[in-house]
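1. with the input below, show me the fold.
(2 chains)
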Amino acid sequence: MSERITISPITRLEGHGKIDIFLDEAGKVRDCYLQVVELRGFEKFCQGRPVEELPRITPKICGVCPGAHHMASSKAADEVYGVRIPPIAEKLRRLFYNAHIAHSHILHFYALAAPDFIPGAEAGPEKRNILGLIQAVGREEGREVLAHRGYAQKIQGMLAGHPIHPVSSLPGGMSKPLQEQERAEIEPMADSLVQFARKSLRLFEDLILSRKSSREMISGDTYYSRTYYMGLVDDRGCVDFYDGTARVASPDGSLFASFDPRDYLEHIGEHVEPWTYLKFPFLKSVGWKGLVDGGDSGIYRVNSLARLNVADGMATPLAQQEYEKLFDFFGGKPVHHTMAYHWARLIENLQACEELARLIRDPEITGEDIRTLPGKPVGEGVGAVEAARGTLFHHYKTDSQGMVQQANLIVATVQNNAAMNLSVKRAAERLIENGSPDEAILDRVEMAFRAYDPCLACATHHLPGKTPLEVRLVRPDGVVRTLSRGPEGEG
Amino acid sequence: MRERARTYRAQILGVGSPVLCDDAAGIAVVERLQAEGLPAGVAATVGGAGGLALLDLIEDCDRLIVVDAAVTGLPPGTLHEFGPKDLETGPTLHLAPTHGFDLAVVLQLLEVQGRNPPRAIRILGIEAADVQTLSETCTPPVQEAAARAAALIRSSLGEKSPQAL
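-> I've put the predicted structure just below:
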């Protein structure tokens, strides 16, 4: 390899996140906007393809939640063909999908969320990562984290037919049954994941919640927005990642709406702002009132805490106990404290792992009846799942041959767009006092954004929170200080 | 004392999204090497969007060659070669050292797991023209660069490139 070219300068921020913080004369925060770049040409990319290709290809647009796109797309394609999948196929999809949720939540908590608390912002960017965390909690614990992340990933790969690009789910069900040998291999991993999920919650209590400074961040008013919440629930009203009824809770906790996800267009509108390509979904019946929270504003939130806020409880017994603890701690439902998203994520991880352990023991799980062969297409279908980051909708329209004519996706991070803007602004207002924030303060502002586990523009480039983020301070006299919070986190 | 032999003498790891135009440059190189036939003892792997998933994908090997798209402002198709030390400045799209998990972190985590990181690592970046349009095809300069990159890798492994058909 002899063609060697040294590159300079490196301009890698295009296509990534940007936060503009506008200051007033006194150096206080006047306004704050989060901008991201959107991918181009999704509709065109899908048009003219047979709909059965989409469950294989849409997961590839996202390096972070391919499992969620695989499921939402398969469900939409099932509907396009008007097929009901066999019960065993649904069990296999749920097994796969709970492994996906566990993997995503373990990764986010240990690699992205926890380092903000252990060792914390003050430790500096070089320590505020998974290695710094391992240094703080011990190498043995670190190994355990990596092993269990690996188990969840392995289970996904075994079910999906490929370690990173899932292919096995398709219209009408699944393409391959689970072999007994595979089942036997997954069972101890699932049991170990349950124990690890419980241990993670104890770690959260012992090392984060019990520390005064962390507890204040979690329960104080810097990270707080009174919004609506949306998530899918099963027929008992419990959190369900794979399927269910969409439920919306009001800021006061009352049930605001409950609808079939197929009717999402009746409930969700999309506001457009001139300064960003990313749309702002809002509740149509409340209306768009700008970037403000409260009961009069149609801004709603999705993702872990939203799901717990809308549900009557968790679907599994151990997760239910933890759910009760969380709401006891905050004194009831709903919880508007944004940092509680991290706690809720760990509770959901426990549910996902308990579901894995239950499903892998289901006597039917190795059954062969895994696909209903699709007939003639009905021509339209909506598939909704709870992605790790929140509700994900895939909506396809096809011609009579099943060739895609229209495709619409509403992804979780976009639904949290307005709320992320609210949260970042509030954190900036409370934390920046004199126009010259230091590295630790900027990290605290960024924590508001990271709580949502955003996957920007449903893009492929970076894992959540890994997004190079540019923070610009704009003063009234036009002086701009740019703080590139990307590579190395240099200030 | 001599260290034990590794499973592979080399691994080529192509990272990127397969459906984001030139972002797939690394994958195009891996697919080309696979189609032409891999030399003995060499693995070629599609690494997706990189990150911690690389923990599951990096093999027990002597040499690791990571191929990724790069956006630096130089003409599309330009090849960049980096060593692991250059990772500190974030040379390519998927190996960025932000506070998450870049390749350097992944290598340290391999050690935490008690596994052997590759003995030598090179990174080959291919300058991209478009990494934001959904497409399964790279732009012509990147396709051409993927062919050059595959030939470079082959020659660095002491292999001749197959005759053009």
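
2. and A:A344, how far is that from A:T398?
-> 37 Å (CB to CB, to the nearest Å). Just so you know, the C-beta spots here come from the backbone N, C-alpha and C atoms, and that holds for glycine as well.

3. quick one: contacts for A:N417?
-> A:34, A:278-281 (CB atoms under 8 Å, 6 or more residues apart in numbering or on different chains).

4. what about the helices in the stretch 301-450 of chain A?
-> A:304-310, A:317-330, A:340-359, A:412-415, A:417-431, A:439-450 (DSSP state H, counting those that start in this stretch).

5. what's the angle between the longest one and helix A:439-450?
-> Orientation check (axes from the mean of the first three to the mean of the last three CA atoms, to 10 degrees): helix A:340-359 against helix A:439-450 gives 50 degrees.

6. is any residue of helix A:340-359 near chain B?
-> No. Helix A:340-359 stays clear of chain B (CB under 8 Å from any CB of the partner chain), getting no nearer than 15.9 Å.

7. chain B: strands as residue ranges?
-> Under the criterion DSSP state E, chain B contains strands at B:8-14, B:42-46, B:61-70, B:79-82, B:120-127.

8. nearest to A:R143, out of those?
-> Comparing the strands of chain B against A:R143 with CB to CB, the closest turns out to be strand B:61-70 (21.7 Å).

9. elements contacting the closest one?
-> Under the contact definition 3 or more CB pairs under 8 Å, 6 or more residues apart in numbering or on different chains; DSSP states H and E, strand B:61-70 sits against strand B:8-14, helix B:25-36, strand B:120-127, helix B:140-156.

10. tabulate the ones you listed in a markdown table, adding columns for mean neighbour count and distance to chain A.
-> Shown next, in a markdown table, are the helices and strands packed on strand B:61-70 (neighbours: other CB atoms under 10 Å in any protein chain shown; distance: least, CB to the nearest CB, whole Å):
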| stretch | mean neighbour count | distance to chain A |
| --- | --- | --- |
| strand B:8-14 | 24 | 12 |
| helix B:25-36 | 22 | 10 |
| strand B:120-127 | 23 | 7 |
| helix B:140-156 | 19 | 5 |
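
11. make JSON lines out of these and add mean pLDDT.
-> Output for the helices and strands packed on strand B:61-70, formatted as JSON lines (pLDDT from 0 to 100):
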{"stretch": "strand B:8-14", "mean pLDDT": "96"}
{"stretch": "helix B:25-36", "mean pLDDT": "96"}
{"stretch": "strand B:120-127", "mean pLDDT": "92"}
{"stretch": "helix B:140-156", "mean pLDDT": "96"}
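
12. out of the ones you listed, which comes closest to B:L74?
-> Nearest to B:L74, of all the helices and strands packed on strand B:61-70, is strand B:120-127, at 5.1 Å by CB to CB.

13. just the angle between that closest one and helix B:25-36, please?
-> Going by the same axes, to 10 degrees, strand B:120-127 makes 110 degrees with helix B:25-36.

14. narrow the contacts of A:N417 to those in strands?
-> A:34, A:280-281.

15. including distance to chain B and pLDDT, could the residues you listed go into TSV?
-> Putting the ones in strands among the contacts of A:N417 into TSV (distance: CB to the nearest CB, whole Å; pLDDT from 0 to 100) gives the following:
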residue	distance to chain B	pLDDT
A:L34	17	76
A:F280	21	91
A:P281	21	94
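
16. now the residue in chain B positioned nearest to chain A, what are its backbone angles?
-> Among the residues of chain B, B:A49 lies closest to chain A, at 2.3 Å counting by CB to the nearest CB. When read as degrees, to the nearest 10, the backbone of B:A49 gives phi -80, psi 10.

17. could you check how far the nearest residue to A:A113 once chain neighbours are set aside is from chain B?
-> Take A:A113 and drop its neighbours on the chain: the residue closest to it by CB to CB, 6 or more residues apart in numbering or on different chains is A:H342, 4.6 Å away. Separation of A:H342 from chain B (CB to the nearest CB, to the nearest Å) stands at 16 Å.

18. from memory A:H342 sits against A:Y110, does it?
-> No. A:H342 is beyond contact range of A:Y110, at 10.8 Å (criterion: CB atoms under 8 Å).

19. now do the shared contacts for the two.
-> Among the neighbours of A:H342, none is also in contact with A:Y110 (CB under 8 Å, 6+ apart).

20. centre of the chain to stretch A:99-116, how far?
-> Centroid displacement of stretch A:99-116 relative to its chain, using CA atoms, centre = their mean, to the nearest Å, is 10 Å.
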